[in-house]
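Trainee: This is the structure alone, sequence omitted:
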């Protein structure tokens with residue numbers, strides 16, 4: 001697989017992402033909605049188990065007794081088991097959407113066909129990032145970008161071994177980690193705008209609750225409504241960002257070449 005240094009600015013990568021998603025925004029929205037919904041469902045399931053099957057134990061840390069729900073530790077592997085195929089599936093979904101301009105929701109669940117590879121890859125990447133984070137925060141962030149293409153590589157090459165995906169991501173991102181970081185940072189304006197939107201929305205919710213109900217009597221419903229709005233409102237931005245990262249993957253692997261005329265030409269058609 002070719003390794004190239006991405007020279008396209010973040011603005012151009014976002015432009016390619018918007019062009020690729022044109023006419024498919026609502027389908028991408030629904031795909032990310034399914035993906036994030038599954039993540040929430042996995043969190044909800046493990047939360048229910050922790051709540052209704054608690055096993056509290058005292059543990060000693062630095063000479064102090066801490067009351068801990070051991071069930072939360074025991075259900076953590078279950079959360080990873082549910083999570084790993086979803087991440088692989090969304091990478092498959094986004095790659096197909098970019099290359100063919102067709103959206104296949106079944107791709108989101110296709111990660112379960114490579115269940116053990118997806119789980120092993122996610123755990124190995126997590127352990128590597130965690131190990132580097134023990135040194136300092138910055139090495140951990142660098143490691144996160146170093147292995148950021150591993151799941152895309154497995155989605156594109158399901159017959160590859162886990163270590164092959166890890167090593168290839170490390171090779172491809174050599175000299176490109178800063179480029180991907182700049183791409184992520186370029187979304188800061190959109191993220192701040194979303195935070196501003198949510199802040200205004202929360203003020204409206206709280207004010208309406210006080211005016212209508214004269215008190216925060218129905219704060220449980222307010223919290224639920226707020227969480228639902230947060231969940232829905234982040235999907236368009238998440239779709240945009242995921243498509244941009246997919247474009248970056250295509251560029252770094254050489255599957256996509258941008259000519260001097262700023263046209264997108266698959267490498268095989270040159």
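Mentor: Arrived safely. A quick note: this is a predicted structure, and the numbers were derived from the prediction, not measured.

Trainee: Can you list phi and psi of residue 5 for me?
Mentor: Dihedral pair for residue 5: phi -80, psi 130, per degrees, to the nearest 10.

Trainee: And it, how close does it get to residue 175?
Mentor: 5 Å (CB to CB, to the nearest Å). Using the backbone N, CA and C atoms, a C-beta is placed for each residue, glycine as well.

Trainee: again, but for residue 144
Mentor: Residue 144 sits 16 Å away from residue 175, going by CB to CB.

Trainee: neighbour count winner among those two?
Mentor: residue 144 (18 against 12; other CB atoms under 10 Å).

Trainee: so what's the more buried one up against?
Mentor: Contact partners of residue 144, counting by CB atoms under 8 Å, 6 or more residues apart in numbering, are residue 129.

Trainee: all helices for this protein, in order.
Mentor: Secondary structure of the chain (DSSP state H): helices located at 10-21, 25-52, 70-74, 76-100, 115-133, 137-146, 150-156, 162-172, 177-185, 188-213, 219-252.

Trainee: can you list the ones you listed in TSV and add distance to residue 108 and mean pLDDT?
Mentor: Compiled in TSV, the helices of the chain are given as follows (distance: least, CB to CB, whole Å; pLDDT from 0 to 100):
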stretch	distance to residue 108	mean pLDDT
helix 10-21	16	92
helix 25-52	6	78
helix 70-74	27	59
helix 76-100	4	84
helix 115-133	13	90
helix 137-146	23	90
helix 150-156	11	95
helix 162-172	19	94
helix 177-185	23	94
helix 188-213	23	78
helix 219-252	12	82
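
Trainee: Select, out of the ones you listed, the one closest to residue 109.
Mentor: Of all the helices of the chain, helix 76-100 sits nearest to residue 109, with 5.7 Å by CB to CB.

Trainee: Go through the closest one and flag the buried ones.
Mentor: For helix 76-100, the neighbour count (16 or more other CB atoms under 10 Å) marks 79, 82-98 as buried.

Trainee: and what of stretch 128-146?
Mentor: 128, 129, 132, 140, 142, 143, 144, 145, 146.

Trainee: Residue 4 is in contact with residue 254, isn't it?
Mentor: Yes. Counting by CB atoms under 8 Å, residue 4 touches residue 254, with 5.3 Å between them.

Trainee: Next, count neighbours for the closest residue to residue 258 other than its chain neighbours.
Mentor: Nearest residue to residue 258, sequence neighbours excluded (CB to CB, 6 or more residues apart in numbering): residue 8, at 5.6 Å. When neighbours are defined as other CB under 10 Å, residue 8 has 19 of them.

Trainee: With residue 194 instead?
Mentor: Neighbours around residue 194, by other CB under 10 Å: 16.

Trainee: Touching, it and residue 232? I think so.
Mentor: No. Assessed by CB under 8 Å, residue 194 is found out of contact with residue 232, at 11.6 Å.

Trainee: can you give me the offset of stretch 6-25 from its chain's centre?
Mentor: Its chain's C-alpha centre and that of stretch 6-25 lie 18 Å apart, by CA atoms, centre = their mean, to the nearest Å.

Trainee: Between the two ends of that stretch, what distance do you get?
Mentor: Length of stretch 6-25, first residue to last, CA to CA, to the nearest Å: 26 Å.

Trainee: what about the closest residue to residue 186 other than its chain neighbours, how many neighbours?
Mentor: Closest residue to residue 186 apart from its sequence neighbours, by CB to CB, 6+ apart: residue 10 at 3.8 Å. Other residues near residue 10 come to 19 when the count uses other CB under 10 Å.

Trainee: repeat for the one 10 residues further on
Mentor: Residues within reach of residue 20, counting by other CB under 10 Å, total 22.

Trainee: do you know how far the residue lying closest to it once chain neighbours are set aside is from residue 204?
Mentor: Excluding the flanking residues, the one nearest residue 20 by CB to CB, 6+ apart is residue 98, at 5.0 Å. For residue 98, the distance to residue 204 (CB to CB) stands at 37 Å.

Trainee: With residue 17 instead?
Mentor: Applying CB to CB, the value for residue 17 to residue 204 is 31 Å.

Trainee: more crowded one of the two?
Mentor: residue 17 (22 against 10).
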